[in-house]
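> Sequence isn't available, so here's the structure alone:
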């Protein structure tokens, strides 16, 4: 196999055109076989095989920086830079599903949030200029809908301002992000895809006119002088050139020879250049090509021959939300839904099918989506903006200043909240409950099971004068966790024996960690430690009944699937201080560090967020309090 002989990018230089085509076929076969066993981003990588080969033949990585946006289309890049062991892809100790600086000097951007690459490229190109590195080049690949993000256009505005600073922007145009890419830019690129191209037209015209006696040359010069209007008529790439960017394309993104020619021309140019490549997501794998939903954007473990899942999971949190949204849409005409280019992953496909006039895909533009939601609410609708928890980080200012400040009734539904695991550091939804704590008036729900997700979503969309947030985990929803009582707005999940006048521990369980908290209470009970377990349901604002309840216990423990810094534990501690309740509190959550990719269970064990770990520490805390109660007051434990 040719692929096994590729240890680094320069090994590509020795291959003939025929061998390069063979290598592309081998890579596709490798990807289907490997990713079908582990799961991962299959469709995007099948679409960039030839493009990645051409990039590494034209540019000299790592001296030249080859950057990817979004990083999920970098599997081929990994293969060509010496990383061909995909056996543990996205698993603990194996390759990351995104570029990783720890893996290779060829990887630059680890953050897999979309639309950032042009900002990175602009900065690196500026550094090359400042430091006099004229032989260093930057090639930024942007695709899978990332050009719908506002950050990309902010960067383009800056890149175009320096007309003599070399930078190659490769637009990987596959008409899709997760699903088909939407919006004005998508329509513009579609127009480019369906035209012959100005450059070829003008070249043929020049050849013809220059051979025409007397009038030919003046006529050509007139034509060339009016090329802007003609160019917009023949192939409306003027949008890019209006910004000051040289445009090359469209190029067949599966023709290595054509790609190399275009990239070489772009590399030689002394300013910023757009190279527009047309690719097919899922190329070479029929099940992916036939999948209209998302061309196998991301798959679990599948049968490689059929593309069908090896096993069918039980109901997921996302599917519960999806079904409830359809029900809400039927009951209320004012309910509308918003997605940021992820209609299917966040569970809005069923709603879109049922109510196509009430779904708005804003592209990879979470900031715009949040402000547009504020506008929808002001206009009398109730928008439900479903987005991954980690991506809401990007729209914080809009949540604060557009939605909350204006008291708009917008519901944000955060999918993949907490530890997500295999997608790594940038996809863990571990900051939302910390970030959102500072937003005045915002109300935040963390449902513990499917029944509560349905109930709290219904409660959220009733709020008309403030933003509401409903957050839930990735994967399969667990069994129902029934309440045994209610205190204020909180569900009591476990109460101590009636004869216990002052229980030892008040255990505040947040969201999907309820089963774990009940396990903790069982382990404490075996040590003779009594515990009350409550689910606040709405963790912001802190329920007024919590402080007096805490005052009837010896110690308070909070457990959350969120960063400990500024999270629910911090909010509860502040509420107790404000109420004058001087009870020791210990908060358990995610430490302030980026988490390596692994399964959710492995990550939770690594950070000590398991029932045995927490029960052991709480047992020690209670024992410490017991030792002090006779001689001195209990000290606060933070």
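Cool, got the structure. This structure is a prediction, so every number in the text was calculated from the model and none was measured. Numbering: from 1, shown residues only.
> Which strand runs longest in this structure?
strand 555-563 (DSSP state E).
> what comes into contact with the very next helix or strand once past it?
Sequence-wise, the next helix or strand downstream of strand 555-563 (DSSP states H and E) is helix 568-578. Contacts to helix 568-578, defined as Cβ atoms under 8 Å, 6 or more residues apart in numbering, come from residues 433-434, 437, 446, 508, 510, 536, 539-540, 542, 546-547, 550, 556, 558, 560, 562, 564, 582-583, 585, 587-589, 638. (C-beta placed from N, C-alpha, C; glycine too.)
> Can you classify residue 66 as helix, strand or coil?
Under DSSP: H, G, I helix; E, B strand; the rest coil, residue 66 falls in the strand class.
> so the nearest residue to it once chain neighbours are set aside, which of the three states?
Excluding the flanking residues, the one nearest residue 66 by Cβ to Cβ, 6 or more residues apart in numbering is residue 139, at 5.1 Å. Under the three-state scheme (three-state DSSP), residue 139 adopts strand.
> pretty sure residue 139 is touching residue 67, no?
Yes. Shown here, residue 139 and residue 67 form a contact pair, counting by Cβ atoms under 8 Å, at 7.0 Å.
> Next, give phi and psi for residue 386.
Note on residue 386: its backbone torsions stand at phi -100, psi 130 [degrees, to the nearest 10].
> actually residue 172, not the one I typed
phi -90, psi 90.
> which ones are touching the nearest residue to it once chain neighbours are set aside?
Distances taken as Cβ to Cβ, 6+ apart place residue 143 nearest to residue 172, at 2.8 Å, with adjacent residues excluded. By Cβ under 8 Å, 6+ apart, the contact set of residue 143 is 44, 48, 69, 70, 73, 170, 171, 172, 173, 174, 279.
> Now tabulate those residues in TSV and tack on pLDDT, distance to residue 126 and neighbour count.
TSV is the format used below for the contacts of residue 143 (pLDDT from 0 to 100; distance: Cβ to Cβ, whole Å; neighbours: other Cβ atoms under 10 Å):
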residue	pLDDT	distance to residue 126	neighbour count
44	90	29	31
48	94	27	29
69	86	18	31
70	77	23	27
73	89	25	28
170	95	19	31
171	92	21	24
172	91	24	25
173	87	26	25
174	83	29	24
279	92	29	27
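> Okay, and which of these map to strands?
69, 170, 171, 172, 173.
> distance between the longest strand of the chain and the chain's centre?
Centre-to-centre, strand 555-563 and its host chain are 25 Å apart (Cα atoms, centre = their mean, to the nearest Å).
> Next: stretch 410-419.
Chain-centre distance of stretch 410-419: 12 Å, with Cα atoms, centre = their mean.
> and if you look at stretch 71-78?
16 Å.
> With stretch 249-265 instead?
Computed by Cα atoms, centre = their mean, the chain-centroid distance of stretch 249-265 equals 30 Å.
> likewise stretch 128-140?
For stretch 128-140, the distance to the chain centre is 30 Å (Cα atoms, centre = their mean).
> for stretch 500-510, same thing?
With Cα atoms, centre = their mean, you get 37 Å for stretch 500-510.
> Same question for stretch 167-174.
20 Å.
> follow-up on the earlier one: what are the pairing partners of the longest strand of the chain, and which direction each?
strand 505-509 (parallel), strand 585-590 (parallel) (DSSP bridges).
> List the buried residues for the first one?
Within strand 505-509, the residues scored as buried using 16 or more other Cβ atoms under 10 Å are 505, 506, 507, 508, 509.
> Can you tell me which of those residues is nearest residue 92?
Taking Cβ to Cβ as the measure, residue 92 sits nearest to residue 509 out of those, at 26.9 Å.
> so which strand or helix has the closest residue to residue 507 other than its chain neighbours?
Nearest non-adjacent residue to residue 507, counting by Cβ to Cβ, 6+ apart: residue 533, 4.6 Å away. Here residue 533 sits within strand 531-535, counting by DSSP H and E.
> What mean pLDDT does that strand get?
Averaged over strand 531-535, pLDDT sits at 98.
> swap in stretch 622-636?
Throughout stretch 622-636, pLDDT has a mean value of 60.
> one step back: the strand holding residue 533 packs against which elements?
Packing contacts for strand 531-535, counted by 3 or more Cβ pairs under 8 Å, 6 or more residues apart in numbering; DSSP states H and E, involve strand 490-494, strand 505-509, helix 514-526, helix 546-551.
> buried residues in the first one?
This means strand 490-494. By neighbour count on 16+ other Cβ under 10 Å, the buried set for strand 490-494 is 490, 491, 493, 494.
> With respect to residue 266, which of the ones in strands among the contacts of residue 143 is nearest?
Using Cβ to Cβ, those come closest to residue 266 at residue 170, 8.3 Å.
> was I right about the closest one contacting residue 139?
Yes. Between residue 170 and residue 139 there is a contact at 6.2 Å, judged by Cβ under 8 Å.
> any common contacting residues for these two?
Between them, residue 170 and residue 139 share the contacting residues 55, 263, judged by Cβ under 8 Å, 6+ apart.
> hmm, who's touching the helix or strand in which residue 52 is found?
Taking DSSP H and E as the criterion, residue 52 maps to helix 49-58. Outside helix 49-58, the residues within contact range by Cβ under 8 Å, 6+ apart are 9, 12-13, 20, 23-24, 27-28, 66, 76-77, 80-81, 139, 141, 170, 172, 253-256, 259-260, 263-264, 267, 277, 279, 283-284.
> What's the mean pLDDT across it?
97.
> before we move on, what about stretch 314-327?
Rounded mean pLDDT across stretch 314-327 is 94.
> Show me how far stretch 130-149 is from its chain's centre.
21 Å.
> For that stretch, measure first residue to last.
28 Å (Cα to Cα, to the nearest Å).
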